[in-house]
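1. my questions concern the predicted model and sequence given below.
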Amino acid sequence: MWRTARRLGIQDSALEDVLQDVYLTVFRKLDQFEGRCSAKTWVLAITLRVVGNSRRVQRRKGAGHALTSNVGDPELVHDGAPDPHEQLTRTEAKRILTELTGEMNPRQANIFMLVELGGDRVAELARELGTNINTTHAQLRAARRDFDRALRHWQARAR
């Protein structure tokens with residue numbers, strides 16, 4: 001869950017809170033689990049919903065919200081930490097990625113980030129999600145198209 005949430009764009013400073021929400025949701029809904037899918041698939045679905053909710057909150061509260069910014073995070077200030085320029089570059093890249101994927105269909109954005117950024121294989125992801133592999137490939141193609149469109153718009157605004 002940690003790896004999935006992180007690859008879906010959750011900032012390191014908010015990761016523990018998001019995972020706590022996942023754990024609480026799993027605990028609250030455990031008696032509703034009917035076994036129609038594997039437990040791993042069920043927990044992945046919950047994780048995707050919680051991450052989606054968190055990303056909506058990030059967009060609503062803006063980039064300056066404390067949970068979405070690593071700048072000044074005391075947990076990151078320690079010996080052996082990356083240099084400040086590298087840290088700022090990563091933070092900015094995550095912010096831009098969150099902005100671009102925020103314009104996409106949430107399910108397609110999740111598939112895009114898990115495959116393109118996380119290195120998941122489409123067949124494995126389809127199996128985990130309990131979806132048809134052809135449907136997952138179609139959603140990935142649509143996500144790539146939407147990401148390219150969002151990137152072109154972002155680049156035009158940045159000029």
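-> Here it is on my side, so go on.
2. who are the contact partners of Ala150?
-> Ala150 is in contact with 100-101, 103-104, counting by Cβ atoms under 8 Å, 6 or more residues apart in numbering. C-beta coordinates here come from the backbone N, C-alpha and C atoms, glycine included.
3. run the last query once more with 10 Å
-> Listed by Cβ atoms under 10 Å, 6 or more residues apart in numbering, the contact partners of Ala150 are 99-104, 109.
4. mind checking what secondary structure it has?
-> Secondary structure of Ala150, reduced to three states by DSSP: H, G, I helix; E, B strand; the rest coil: helix.
5. how near is it to Gln108?
-> Between Ala150 and Gln108 the distance is 11 Å, computed by Cβ to Cβ, to the nearest Å.
6. any low-confidence regions in the chain?
-> When the per-residue scores of the chain are filtered using pLDDT under 70, the ranges that remain are 59, 62-83.
7. how about 80 then?
-> Per-residue confidence of the chain (counting by pLDDT under 80) places the weak regions at 1-3, 6-9, 11, 31, 33-42, 55-98, 117-120, 158-159.
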